[in-house]
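Asker: next one to model:
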Amino acid sequence: MQSVTENKLKKEINYSLNVLKCLGIFAVICIHCRLFNLGTKGEIITCLSRFAVPVFFMISGYFSFFSDNDKAVFKYKTRIIKLIKLFIISNIIYLIYDILAAGGKHYIHTMTLKKLFECIVFNVSFTEIHLWFISALIYCYIIFYVMGKLNFDYRKLYKFVPILFIFSLIIAEFSHFYNINLAICYYRNFLFTGLPFFILGYYFHEKEFILTDISNRILVLAMIFGAFLTVVEMFAIGRIDLYAGTIILSVSMFAFCIKNPEKLNFKLIGFIGWHLYTSMYILHYLIFRIIKEYMKVGYFTPIIVFVLTALVCFVIYWVGVEVKKTRTV
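Answerer: Prediction:
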């Protein structure tokens, strides 16, 4: 018979979200393996994979809901500190690789005041582009931390979600109809991508009861419609980072997992999503950069990168567990 602690832990774990995180990591790898260079099929895979980062922001927001404001402020502060350390370590890893691979020339050339401005304001990373997510997430937590310290009601942010999405789509999508191709950093940042999805995740935790009136069939149909709309938008305006269909697809996938926490209980995939997802997000592009020197990029490349990254991250995770055991002895 399971203990009370085990039953409580099982109840608190959302197995479906862990699976979704794993799928999100694979989707990010598909994007960064540049499958769009392989033709139309690669373009479709890439644009459909755009659900990943919005889902990551929503998951972070979902687990940032606390009924006790003092606890919330403490948690936000703790997470900010951890993410800052993670951001620094991640950039150092890629800086070291740049130095070893090419003498650091690429990095040195990008060290400009403009790049510093873009890093602070638009979350553009000094090293690899995917690290923008970490700095954008830091900003989201800082906003919630400040609001908590000042005792502002977090729910006041809900009304800004549609506004931020509209501005994001105007910058990312509608500007293409007028041949105004703005830099990606103007909408792929904490304000127009990170914050609205983060707030949505927070909202879903507080208003989780509303999902009881929505059937799984409707959520699945919403996923299909979101995926279809994304592909249509891709053919209409080209490759961008955020489509209207992406919003529908990512939100419906997230809502499905919140409504059905134990429906997608796949042990291996769930383990990766729970324990390895952060390190895999950071290191997958490093693995890709290494293997692309020795092989031609194709449709199987994301699978190879995913497996190799998972193995590397599992070793890191296992070493961490063993170190903790020795400290407790």
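Asker: ends of stretch 29-43, how far apart?
Answerer: 14 Å (Cα to Cα, to the nearest Å).
Asker: list the buried residues in that stretch.
Answerer: 29-33, 35-36, 38, 42-43 (16 or more other Cβ atoms under 10 Å). C-beta coordinates here come from the backbone N, C-alpha and C atoms, glycine included.
Asker: between the residues you listed, which sits nearest Y187?
Answerer: Using Cβ to Cβ, I31 comes nearest to Y187 of the buried residues of stretch 29-43, at 16.1 Å.
Asker: which neighbouring elements make contact with the helix or strand where the closest one lies?
Answerer: Assessed by DSSP states H and E, I31 sits inside helix 15-32. With contacts defined as 3 or more Cβ pairs under 8 Å, 6 or more residues apart in numbering; DSSP states H and E, the packing partners of helix 15-32 are helix 40-48, helix 52-62, helix 244-259, helix 267-271, helix 277-291, helix 301-328.
Asker: please identify the most buried of the ones you listed.
Answerer: Of these, the one with the most neighbours on average (mean count of other Cβ atoms under 10 Å) is helix 52-62, at a mean of 25.
Asker: what angle sits between the helix or strand following that one and helix 52-62?
Answerer: Remark: after helix 52-62, the chain's next helix or strand is helix 69-102, criterion DSSP H and E. When axes from the mean of the first three to the mean of the last three Cα atoms, to 10 degrees is applied, the directions of helix 69-102 and helix 52-62 differ by 150 degrees.
Asker: for helix 69-102, which positions count as buried?
Answerer: Buried residues in helix 69-102 (16+ other Cβ under 10 Å): 72-73, 75-76, 79-80, 83, 86-87, 90-91, 93-94, 97-98.
Asker: what of stretch 183-200?
Answerer: Buried residues in stretch 183-200, counting neighbours by 16+ other Cβ under 10 Å, are found at 184-200.
Asker: which ones among those are found in helices?
Answerer: 195-200 (DSSP state H).
Asker: ok, so of the buried residues of helix 69-102, who is nearest T278?
Answerer: Taking Cβ to Cβ as the measure, T278 sits nearest to L86 out of the buried residues of helix 69-102, at 7.5 Å.
Asker: surely the closest one meets S135?
Answerer: No: counting by Cβ atoms under 8 Å, L86 does not reach S135; the two are 10.1 Å apart.
Asker: tell me what angle the helix holding I31 forms with helix 277-291.
Answerer: Going by the same axes, to 10 degrees, helix 15-32 makes 20 degrees with helix 277-291.
Asker: quick one: mean pLDDT over helix 15-32.
Answerer: For helix 15-32, mean pLDDT is 98.
Asker: do stretch 126-141 as well
Answerer: Here the average pLDDT along stretch 126-141 is 95.
Asker: could you do stretch 202-218 as well?
Answerer: On average, stretch 202-218 scores 94.
Asker: what does stretch 280-291 give?
Answerer: On average, stretch 280-291 scores 97.
Asker: who touches it?
Answerer: For stretch 280-291, the surrounding residues in contact (Cβ atoms under 8 Å, 6 or more residues apart in numbering) are 25, 28-29, 32-33, 56, 86, 90, 93-94, 97, 101, 128, 130-131, 133, 272, 301, 304-306, 308-310, 312-313.
Asker: what is the least confident helix or strand in the protein?
Answerer: Lowest on mean pLDDT, DSSP states H and E among the helices and strands of the chain sits helix 4-12, with a mean of 46.
Asker: about what we covered before: lowest-confidence member of the buried residues of helix 69-102, which is it?
Answerer: D98 (86).
Asker: gap between that residue and N91?
Answerer: 10 Å (Cβ to Cβ, to the nearest Å).
Asker: hmm, back to that, just give me the closest of the ones in helices among the buried residues of stretch 183-200 to A172.
Answerer: Closest to A172, out of all of these and judged by Cβ to Cβ, is P196, at 12.7 Å.
Asker: secondary structure class for the closest residue to S175 other than its chain neighbours?
Answerer: Spatial nearest neighbour of S175, excluding adjacent residues (Cβ to Cβ, 6 or more residues apart in numbering): L182 at 5.7 Å. With DSSP: H, G, I helix; E, B strand; the rest coil as the basis, L182 sits in coil.
Asker: could you list the buried residues of stretch 214-224?
Answerer: 219, 222-223.
Asker: let me have these in JSON lines, extended by secondary structure and distance to L211.
Answerer: Converted to JSON lines, the buried residues of stretch 214-224 look like this (DSSP: H, G, I helix; E, B strand; the rest coil; distance: Cβ to Cβ, whole Å):
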{"residue": "L219", "secondary structure": "helix", "distance to L211": "8"}
{"residue": "A222", "secondary structure": "helix", "distance to L211": "12"}
{"residue": "M223", "secondary structure": "helix", "distance to L211": "14"}
